[in-house]
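Q: This is the structure alone, sequence omitted:
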């Protein structure tokens with residue numbers, strides 16, 4: 001049909017219409033579908049220029065445009081302007097004497113701050129020779145995003161008592177996580193919206209507001225209870241942080257419920273319960289545990305609970321055995337598996353009667369092990385080898401190794417597009433029709449697993465394959481322990497592709513990164529770019545030799561924690577753009593620039609403790625140490641490594657389902673928990689156009705950029721899930737006494753009266769060697785203290801600890817008093 005349509009292009013419009021009427025009615029929809037899904041009708045493309053630019057524009061930030069003049073006899077002048085909806089220029093730049101065959105960057109050094117989010121903006125690019133001949137004038141729509149800096153609001157805790165102090169620190173950084181200069185407006189409101197405190201035009205010093213505790217909020221003895229809010233505004237960017245004010249007593253022990261990590265439909269289930277004070281000692285008391293279905297539903301009234309009771313042992317632990325038959329009788333286990341059981345334990349302390357609870361949920365599986373197929377990319381390229389990893393694991397994701405069965409039976413089923421000719425019309429113009437007649441091609445393979453229960457598999461893909469189904473069975477072809485996956489092929493009208501291959505399995509602290517770019521057809525050069533935080537941070541062009549080009553990339557701070565490598569080449573004859581993309585993530589991320597050590601890590605009250613922070617030279621260091629009991633009640637408003645990495649990712653654009661580009665801050669590590677090469681995974685898509693689009697890049701070109709149009713009847717919707725955690729509010733006040741070994745009162749008695757919930761809130765500066773030291777005296781509270789720190793410098797930007805550190809206090813007698821006793 002497509003061939004006949006191209007033949008129709010040589011005739012008049014009226015003649016084409018008459019010929020269309022001669023088609024059988026059943027074939028007309030097929031003709032339209034083929035034309036739409038093809039996405040582009042072959043024509044002659046000049047292929048004289050390719051211009052790449054970020055789709056997003058942000059105020060007060062530079063805007064980088066990559067210009068590639070492929071064919072021009074004279075040097076070229078490029079003029080680039082950002083236009084508003086009235087075609088008025090709001091920013092512009094130009095590059096002169098651009099030579100053909102040389103990749104060049106032109107920059108708008110700073111996007112104006114007065115741009116409006118509700119206005120539509122356009123990138124207009126004009127190329128002309130030095131003699132004034134206009135070569136092209138093209139434009140593309142942009143997306144304006146107000147966010148151009150990051151604001152972190154840190155408080156020492158997430159919950160406060162009436163009459164306590166709220167310590168506040170504000171960190172303001174650029175997208176590169178380096179300090180922002182300017183001023184901030186800070187407002188604190190109570191649950192009713194009343195302004196309780198306001199700080200206007202607060203100078204941002206080295207990226208920090210609130211040094212020397214200048215933003216401290218002292219709560220009255222009878223404040224409004226509930227959710228309070230801190231609002232920070234910097235240059236039009238606004239950030240909020242909430243904290244809670246309640247009457248409470250800190251909990252002094254925590255209850256943990258630990259079911260087995262793997263349960264099957266035939267197993268008994270043994271659940272362990274531990275109740276520990278925050279200093280690690282066991283609680284004396286009783287425990288009640290209940291097994292139940294976690295989510296009630298219509299008909300779940302048939303499900304019944306199983307309740308058991310016992311006494312904690314001398315270390316605060318207890319074990320409960322739930323017989324398989326008992327759980328089946330209560331319909332908490334079925335024959336098919338994949339149901340969940342929730343275990344909730346309530347511990348009552350013997351001395352005080354204080355109760356706390358903990359819970360955990362376990363999934364019951366049919367089999368103790370599972371098979372996983374781990375993609376190297378979400379799409380395969382027909383005619384090019386595709387690599388994936390097959391793994392056998394226990395249901396809790398641990399490697400499974402067995403002497404009796406170490407083979408995987410692998411089946412790969414390809415759908416092949418083959419051309420079939422038949423005659424449905426005897427007219428001269430429509431003697432032959434060409435349609436796709438898919439067939440299947442299947443092969444089997446036995447894969448022997450390595451000692452870690454995995455194996456890397458490389459398969460050849462047929463040149464006309466449109467999709468493949470991979471099925472893997474462990475323990476034999478007919479085994480019920482199996483998995484499968486469907487993978488679609490990328491599309492190219494010439495069936496040619498690029499493929500990026502990482503030369504390193506892991507990306508940690510390498511100064512230089514190496515990648516190979518493979519081409520399936522003859523191309524001259526590859527043009528490569530590293531895209532991070534929504535902009536181009538590195539570019540290069542490399543010649544191909546024997547269909548391969550090698551890229552050497554010097555890693556920079558802008559690429560951490562994650563970046564995307566995008567590479568394209570152009571087929572000389574057809575001017576078709578071939579493109580591929582690969583994401584790479586640094587395993588150590590931002591945590592390698594800061595470290596915290598505590599000496600000693602176990603102390604008595606009133607003993608000296610030294611905190612030593614290693615950071616970048618002359619950097620600011622924020623140190624926070626709080627009572628672990630506070631964290632049992634509510635998560636802190638802390639500056640953590642995860643928060644910093646998620647903030648960096650908020651500057652990215654990525655594809656979300658079939659609904660285009662969405663700007664969302666997520667943790668990409670959760671999206672891909674495993675990969676066949678840790679930290680490296682393919683970012684290909686269904687066609688060349690989509691790869692650029694999913695990378696947040698617009699393309700202005702007269703070359704052939706192929707886009708396959710999807711059927712409007714196919715769609716996919718994905719939605720994020722929210723989870724919340726709650727903790728009981730209950731606790732004690734302490735009174736201590738020192739006892740000698742014989743039980744008599746010690747002669748050296750010190751009245752313990754210093755029981756802070758926040759021990760340290762300090763502003764430090766590292767010396768020229770990158771060391772900051774803080775000496776403190778341990779408070780009287782018998783607990784574990786949790787220490788966290790972050791650093792900020794002009795050279796390395798914002799860094800945070802990957803894990804908080806703990807200081808443990810030894811045990812002495814405590815007595816609990818309820819809140820409000822006078």
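A: On my side now, so go ahead. Note that the structure is predicted; figures quoted are calculated from it, not measured.

Q: can you list the weak-confidence ranges in the stretch 201-350 of the chain?
A: Across the stretch 201-350 of the chain, the ranges flagged by pLDDT under 70 are 297-303.

Q: hey, where'd the strands end up in it?
A: Secondary structure of the stretch 201-350 of the chain (DSSP state E, counting those that start in this stretch): strands at 208-209, 217-218, 226-234, 237-245, 253-258, 263-264, 269-277, 285-292, 306-311, 317-322, 339-349.

Q: what's next to the fourth one, contact-wise?
A: Yep, that's strand 237-245 we're talking about. By Cβ atoms under 8 Å, 6 or more residues apart in numbering, the list of residues contacting strand 237-245 from outside reads 146-149, 151-153, 155, 157-162, 166, 219, 223-232, 634, 637. (C-beta placed from N, C-alpha, C; glycine too.)

Q: residues contacting the nearest residue to residue 791 once chain neighbours are set aside?
A: Distance criterion Cβ to Cβ, 6 or more residues apart in numbering; nearest residue to residue 791, sequence neighbours excluded, is residue 615 at 3.8 Å. Residue 615 sits next to 593, 594, 595, 621, 766, 770, 771, 772, 791, 793, 799 when contact means Cβ under 8 Å, 6+ apart.

Q: Among those residues, which lie within helices?
A: Counting by DSSP state H, the contacts of residue 615 place none of their members in helices.

Q: Only whichever of these are buried, select them in PyMOL.
A: In PyMOL, a selection of the buried entries from the contacts of residue 615 looks like this (16 or more other Cβ atoms under 10 Å):
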select buried, resi 593+594+595+621+766+770+772+791+793+799
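
Q: among the contacts of residue 615, which are in strands?
A: Counted as lying in strands by DSSP state E, out of the contacts of residue 615, are 595, 621, 771, 772, 791, 793, 799.

Q: returning to what we had before: what's the separation between the residue nearest to residue 791 and residue 177?
A: Applying Cβ to Cβ, to the nearest Å, one obtains 14 Å for the distance of residue 615 from residue 177.

Q: what touches both of those two?
A: Residues touching both residue 615 and residue 177 by Cβ under 8 Å, 6+ apart: none at all.

Q: Can you tell me the closest non-neighbouring residue to residue 221?
A: In space, and not counting its chain neighbours, residue 221 is closest to residue 163: 4.7 Å by Cβ to Cβ, 6+ apart.

Q: Take the contacts of strand 237-245 and, keeping just the buried ones, write it as a PyMOL select command.
A: A single PyMOL command is used to select the members of those judged buried by 16+ other Cβ under 10 Å:
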select buried, resi 147+148+149+151+152+153+155+157+158+159+160+161+166+219+223+224+228+229+230+231+232+634+637
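
Q: Could you chop the protein up by domain?
A: Under the assignment the TED database, the domains of the chain span 48-144, 150-245, 263-365, 371-427+438-490, 595-647+754-807.

Q: so how far is the first one from its chain's centroid?
A: This means domain 48-144. In terms of Cα atoms, centre = their mean, to the nearest Å, the centre of domain 48-144 is found 31 Å from the chain centre.

Q: Residue 539 falls within a strand, correct?
A: Yes - under DSSP: H, G, I helix; E, B strand; the rest coil, residue 539 sits within a strand.

Q: before we move on, back to that, the residue nearest to residue 221 and residue 364, how far apart?
A: Distance, residue 163 to residue 364, using Cβ to Cβ: 49 Å.

Q: the more surrounded of these two?
A: Neighbours per residue, other Cβ atoms under 10 Å: of residue 163 and residue 364, the larger number sits with residue 364, 23 against 11.

Q: Which secondary structure element is home to the more buried one?
A: Residue 364 belongs to strand 355-365 when assigned by DSSP states H and E.

Q: which residues are contacting that strand?
A: Counting by Cβ under 8 Å, 6+ apart, 251, 253-260, 262-265, 269, 271, 273, 275, 294, 333, 337-349, 395, 728, 730 sit against strand 355-365.

Q: Show me which residues of it are buried.
A: In terms of neighbour count (16+ other Cβ under 10 Å), strand 355-365 has its buried residues at 356, 357, 358, 359, 360, 362, 364, 365.

Q: Which strands border the next helix or strand after that strand, and is each parallel or antiparallel?
A: Sequence-wise, the next helix or strand downstream of strand 355-365 (DSSP H and E) is strand 369-375. Sheet pairing of strand 369-375 (DSSP bridges) gives strand 386-394 (antiparallel).

Q: For residue 778, give its distance to residue 627.
A: To residue 627, residue 778 is 12 Å away according to Cβ to Cβ.

Q: Please say which of those two ends up with more neighbours.
A: Shown here are residue 778 and residue 627; by other Cβ under 10 Å, residue 627 has more neighbours (23 against 18).

Q: any idea how far that one is from residue 250?
A: For residue 627, the distance to residue 250 equals 7 Å [Cβ to Cβ].

Q: Quick check: neighbours shared by the two?
A: residue 757.

Q: now the closest residue in space to residue 554 that isn't next to it in sequence: how far from residue 338?
A: Leaving aside its chain neighbours, residue 554 sits nearest to residue 512 (5.7 Å; criterion: Cβ to Cβ, 6+ apart). From residue 512 across to residue 338, the span is 46 Å (Cβ to Cβ).

Q: Near residue 780, how many residues? Count them for me, please.
A: Neighbours of residue 780 using other Cβ under 10 Å come to 20.

Q: Revised request: answer the last question for residue 249.
A: Neighbours of residue 249 under the rule other Cβ under 10 Å: 20.

Q: and if you look at residue 99?
A: If you count neighbours by other Cβ under 10 Å, residue 99 ends up with 11.
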